[in-house]
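Participant: Below are the sequence and a predicted model for it; my questions follow.
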Amino acid sequence: MPIARSRRLPLVTQFLATPLLALAFWALCLAPISLAMTTPPANAQQTLKTAIFAGGCFWCVESDFDHVPGVVETISGYSGGSSTENVTYKNHSAAGHREVVKISYDSSKISYNSLLDIFWRSIDPTDKDGQFCDRGHSYTTAIYTLNEEQEQIAKASKAALEASGKLSAPIATEIAPAEPFFAAEDYHQNYYAKNPVRYTYYRFACGRDARIEQVWGKEAHMGIEK
């Protein structure tokens, strides 16, 4: 008598022939792969840190720091003001917020102190009333520190720059503890990439790069790889 086909099948094949059991089997097999693909390595999470800078127009600050090796992500937003709800481009200035950029960076590739060195050389730190063609408090410069270590590093960086004699006027950039951060509207994010012609014209017409080169000379835009 011939052996039935089902008896000839290997045990695993017979097991997988049952739909529910097969589904459970593949779920168990694929779970480790899925977990590995969606969960960042522990060491990557530990080295990912945040800095918040106000450097005038956040389009420009975002563009600059997107071209700094070690920076993982930049988000334009508002911070430093009194209101904590429904902060928008239209009302942020009246509430005392500045345009800021939240920078996520890999601290194993670039330090907070190095980010500060780059930040100083991408702005006019002596301007107390705004930046370039943009005037008013919302365009003034600031370093918002997220912890005591950042505060100490930022103050030491500012003091060293003042002592260096590289600038012709006192530094007006404020150093203050970080306040709640509010992401700007979607159309502001990556504006330089979404609207390259308008962005390039604005940056040129506003005189940003010309003034930075006047202030910093050969050190202008140091660390920004464009």
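Facilitator: Now that the structure is in, tell me what you want to look at.
Participant: Skip the chain neighbours and tell me the closest residue to residue 128.
Facilitator: Among residues not flanking residue 128 along the chain, residue 172 sits closest, at 3.7 Å (CB to CB, 6 or more residues apart in numbering). Any C-beta I mention is one placed from the backbone N, CA and C, and that applies to glycine too.
Participant: now swap in residue 66 and tell me
Facilitator: Once flanking residues are discounted, residue 66 sits nearest to residue 74: 5.5 Å by CB to CB, 6+ apart.
Participant: The one you found and residue 65 touch, don't they?
Facilitator: Yes. The pair residue 74 and residue 65 passes the contact test of CB atoms under 8 Å, sitting 5.1 Å apart.
Participant: Give me the common contacts of the two.
Facilitator: Common neighbours of residue 74 and residue 65, using CB atoms under 8 Å, 6 or more residues apart in numbering, are 101, 103.
Participant: Tell me how many other residues surround the residue nearest to residue 66.
Facilitator: A count of neighbours around residue 74, defined by other CB atoms under 10 Å, yields 24.
Participant: List the strands paired with the helix or strand containing it, with their directions.
Facilitator: Using DSSP states H and E, residue 74 sits within strand 71-79. According to DSSP bridges, strand 71-79 has the following sheet partners: strand 98-106 (antiparallel), strand 182-183 (antiparallel).
Participant: Show residues contacting that strand.
Facilitator: Applying CB under 8 Å, 6+ apart, the contact partners of strand 71-79 are 48, 52, 54, 58-59, 61-62, 65-66, 87, 89, 92, 97-106, 110, 144, 178-184, 188-189, 191.
Participant: how about 6 Å then?
Facilitator: 58, 62, 65-66, 87, 92, 97, 100-106, 179, 181-184, 188-189 (CB atoms under 6 Å, 6 or more residues apart in numbering).
Participant: The residue nearest to residue 128 touches residue 130, doesn't it?
Facilitator: No. Assessed by CB atoms under 6 Å, residue 172 is found out of contact with residue 130, at 10.1 Å.
Participant: hang on, residue 108 packs against residue 47?
Facilitator: Yes. With contact defined as CB under 6 Å, residue 108 reaches residue 47; the gap is 4.3 Å.
Participant: From start to finish, how long is stretch 102-111 in a straight line?
Facilitator: Terminal residues of stretch 102-111 lie 15 Å apart, using CA to CA, to the nearest Å.
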